[in-house]
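>>> Just the structure for this:
(one chain, ligands or ions: 2)
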Amino acid sequence: MKKAIDLKILDPRIGRDFPLPAYATPGSAGLDLRACLEQTLVLAPGQTVLIPTGIAIHIGDANLCATILPRSGLGHKHGIVLGNLVGLIDSDYQGPLMVSMWNRGSDSFSIEPGDRIAQLVFMPVVQAEFNLVEGFDSSERGEGGFGHSGKQ
Ligand SMILES: O=c1ccn([C@H]2C[C@H](O)[C@@H](COP(=O)(O)OP(=O)(O)OP(=O)(O)O)O2)c(=O)[nH]1
Ligand SMILES: [Mg+2]
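Ligands and ions are numbered 1, 2, ... in the order given. Sure, this is the predicted structure:
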């Protein structure tokens, strides 16, 4: 499914020096976000820094959100993940898209201006209207959870 989303360029390097976020292949789910830094940033082990992406989006549809997810290569090979683990972009948010980068590894990691640091994935949202009840219809699982079914 395709959907037009309003996007504002906040940093003039986006679309000039660094490409606009784009799907790398026809089947891509994520659009890579770039670090709009003024200079190289060295992320020390354990450090978390909020990095601007140079863009703002306004989704404007309550049945849609965007998530910011780590790039698997950065996370697996370098321990560079997100300080909030996953970023959630509300449909009414109009501010700058920011990425919280956390170095959970044991080596320093350098991020250059324009580096692709995380990915943006749009997702459908269902807003719940709660129906207050005294009890639930029975289900196979019932209240079992948190590993109650074992490992095998
Ligand atoms: O990685 C992220 C996560 C969030 N946001 C923006 C968009 C989102 O709509 C807004 C608020 O995020 P969230 O609700 O997760 O944070 P909060 O701590 O609950 O802040 P608020 O009180 O503003 O809702 O911040 C980002 O730019 N990057
Ligand atoms: Mg919130």
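>>> residue ranges with poor pLDDT in this protein?
The model of the chain has no residue with pLDDT under 70.
>>> near ligand 1 at all, the helix or strand harbouring residue 118?
Taking DSSP states H and E as the criterion, residue 118 maps to strand 116-124. No. Using CB under 6 Å from any ligand atom, we find that strand 116-124 stays clear of ligand 1, coming within 8.1 Å at best. For glycine as for every other residue, the C-beta is placed from the backbone atoms N, C-alpha and C.
>>> ok, the residue in the chain positioned nearest to ligand 1 - contacts?
At 2.2 Å from ligand 1, residue 87 is the closest residue in the chain, using CB to the nearest ligand atom. Listed by CB atoms under 8 Å, 6 or more residues apart in numbering, the contact set of residue 87 reads 67, 68, 69, 98, 99, 100, 118.
>>> For it, list each beta-bridge partner.
Per DSSP bridges, the residues bridged to residue 87 are residue 68.
>>> Could you grab the helix/strand/coil label for the closest residue to residue 116 other than its chain neighbours?
Ranked by CB to CB, 6 or more residues apart in numbering and with sequence neighbours excluded, the top spatial neighbour of residue 116 is residue 32, at 3.9 Å. Secondary structure assignment for residue 32 (DSSP: H, G, I helix; E, B strand; the rest coil): strand.
>>> Also residue 77?
Quick answer, by three-state DSSP: residue 77 is helix.
>>> Quick check: the gap between it and residue 111.
14 Å (CB to CB, to the nearest Å).
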